[in-house]
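Q: attaching a predicted model along with its sequence, questions to come.
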Amino acid sequence: MTTMNTTTTTPVSPAPAPALTAPTATTRPRTPRPRTAPGGPAGTRPRGSAGTHPRTPPRVLPPYTAFAERLLAVLSGERPVHWMLGHTVGEAYEQLVRLAPTTPLRSLGPRPVLRRCSVQLDPHRTAMEAFASIATGHRVRAMAFRLERGPDQRWRCAAVELDGLGAPPRHP
């Protein structure tokens, strides 16, 4: 006698396709990657020339514009007066000490911004008279300063005026 083994199977339906719905509690929501500079964070750029392009050097400001920015930082209270110690000569440091605490650029309004800076050089190129316009909101102020070139060929501030403040007293 022969016996036959028969098994019955129930038909299995295919698994349903995943629905396009919001993620469930078991899956993490996808978060966007943080934006970084091209090449990734500092120090992660691959070495070599693959994918690099020549960089343009940073723009170098003329000395009178750089000094105008420095003076503005001190007069607005962004930097302390002693930040100008190595960049001044003669009475300029004392002028800054007198001007900085009382200047109108220290107000709680908008941050002062350098709008324009121009210069007049002396014929020997050892000194320059510079003037700048500074915007504080809708108000525009004037700043004038003198730069002198020292024996080490570095420019240093020799005098500062702001809207007539800081001018040397006039004797009749």
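A: Thanks, I have the structure now.
Q: when you work out contacts or count neighbours from here on, use the C-alpha atoms and nothing else.
A: OK.
Q: so who does the closest residue to residue 146 other than its chain neighbours touch?
A: Leaving out its chain neighbours, the residue that sits closest to residue 146 by C-alpha to C-alpha, 6 or more residues apart in numbering is residue 129, at 4.6 Å. The contact partners of residue 129, by C-alpha atoms under 8 Å, 6 or more residues apart in numbering, come to 119, 120, 121, 144, 145, 146, 147.
Q: so what's residue 129 bridging to?
A: Going by DSSP bridges, residue 129 is paired in beta bridges with residue 120, residue 146.
Q: neighbours around residue 163, how many?
A: Burial measure for residue 163: 13 neighbouring residues, criterion other C-alpha atoms under 10 Å.
Q: please apply the same query to residue 140.
A: 14.
Q: in which helix or strand does it reside?
A: Secondary structure assignment for residue 140, by DSSP states H and E: strand 139-149.
Q: for that strand, C-alpha coordinates in PDB please.
A: Output for strand 139-149, consisting of C-alpha atoms alone and laid out as PDB, is shown next (Å, rounded to 0.1, in the frame of the first residue of the first chain):
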ATOM      1  CA  ARG A 139      21.300 110.200  10.600                       C
ATOM      2  CA  VAL A 140      24.600 110.900   8.900                       C
ATOM      3  CA  ARG A 141      27.700 112.100  10.800                       C
ATOM      4  CA  ALA A 142      31.100 113.300   9.800                       C
ATOM      5  CA  MET A 143      34.500 112.100  11.000                       C
ATOM      6  CA  ALA A 144      37.900 113.500  10.100                       C
ATOM      7  CA  PHE A 145      41.300 112.100  11.100                       C
ATOM      8  CA  ARG A 146      44.900 112.500  10.200                       C
ATOM      9  CA  LEU A 147      47.300 109.600   9.500                       C
ATOM     10  CA  GLU A 148      51.100 110.000   9.600                       C
ATOM     11  CA  ARG A 149      53.600 107.500   8.300                       C
END
